[in-house]
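Student: Let me see the structure of the following:
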Amino acid sequence: MPSTGLRPGPAWIITPGLHRDRFLGAQKSGAAVAVVDIEDSVARTDKQTARTASEAFFALPDPPCTLGIRMNSLTTIDGIKDLVALTTYTARPDLVVVPKAESPRDIELVAAALDTDGYTPDIWALIESPRAFDTLPAIMRASRLGGVIFGSADYAASVRCGLGWDTLHYARSALINAATAANIPAIDAPTWELDDPGILRRDAERAKELGFHGKGCVHPRHVKVINDVFTPTTEEVAQARAIVAAADASGGTVTSVDGQMRGTPFFNAARALVAEADRTS
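Tutor: Numbers count the residues shown, from 1 in each chain. Take a look at the predicted model:
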């Protein structure tokens, strides 16, 4: 189960820890979560500089979104140094992304290092290796796990496959199934094509259809497209309300709505969508 119940909105933006000039733009991009990255976007020789600079990301006044950090892998010395540094930050992240997660122990180690009586950050696992997929059920049982994120680039590099949607369909489906079974949200990987909003929208629509809670991005202009796709439309909410009304009128038995058969699975999905719409309205 999620450690804090945090289920942030759909758009997650990732910004490099070395570029302090981008911090404010990321936080005000309209994303629900802004994550400063000191892992893949930072060269090994610059890790300490990024580690130090990133503290400023959490010191900006009145952040309009959830603030997170993507640390380095716990199998590296830089990951250990990150945990030590995070314990000394004056302003700390709401959320910590653990890359290359392959065991529930990864989540437990971060919690053990960072948790205090007054501070328990949400901890998310970045699932991006074949070994992680082999141990997904165990990872999902980590008591402090808040959610999972698909790392498409590292996964594709590991198995030496392409980044196309069809190629990675199995991995995405496996992740969604495991996350849903554990009742935790899953966030899809960014779309790496920066200048084609059509590709981004198509990828976001597929991710939503598959069951992802949201999607990452690496550029502020991607945020609006992701929010638009994952936010239920007026028509979708109206249709869900019609299904709920039909369910109530039929006493929960199979019925028809607009010429389509509807039963318990459709009723449950419609009620969930209506509850979400009412909660965010």
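
Student: Can you get me a residue count around the closest residue to residue 244 other than its chain neighbours?
Tutor: Counting by CB to CB, 6 or more residues apart in numbering, residue 244 lies nearest to residue 270, which is 5.1 Å off, once chain neighbours are set aside. For the C-beta atoms, the positions are set from N, CA and C on the backbone; glycine is no exception. A count of nearby residues for residue 270, using other CB atoms under 10 Å, gives 23.

Student: pLDDT-wise, which helix or strand of the protein ranks last?
Tutor: helix 264-280 (a mean of 73; mean pLDDT, DSSP states H and E).

Student: which residues in the stretch 1-150 of the chain form helices?
Tutor: Assigned by DSSP state H, counting those that start in this stretch, the stretch 1-150 of the chain shows helices spanning 23-27, 47-53, 77-88, 104-114, 130-134, 136-140.

Student: is it possible to export those helices to JSON lines including distance to residue 252, mean neighbour count and mean pLDDT?
Tutor: Shown next, in JSON lines, are those (distance: least, CB to CB, whole Å; neighbours: other CB atoms under 10 Å; pLDDT from 0 to 100):
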{"stretch": "helix 23-27", "distance to residue 252": "45", "mean neighbour count": "19", "mean pLDDT": "96"}
{"stretch": "helix 47-53", "distance to residue 252": "55", "mean neighbour count": "18", "mean pLDDT": "96"}
{"stretch": "helix 77-88", "distance to residue 252": "49", "mean neighbour count": "16", "mean pLDDT": "97"}
{"stretch": "helix 104-114", "distance to residue 252": "38", "mean neighbour count": "18", "mean pLDDT": "97"}
{"stretch": "helix 130-134", "distance to residue 252": "37", "mean neighbour count": "15", "mean pLDDT": "97"}
{"stretch": "helix 136-140", "distance to residue 252": "31", "mean neighbour count": "18", "mean pLDDT": "96"}
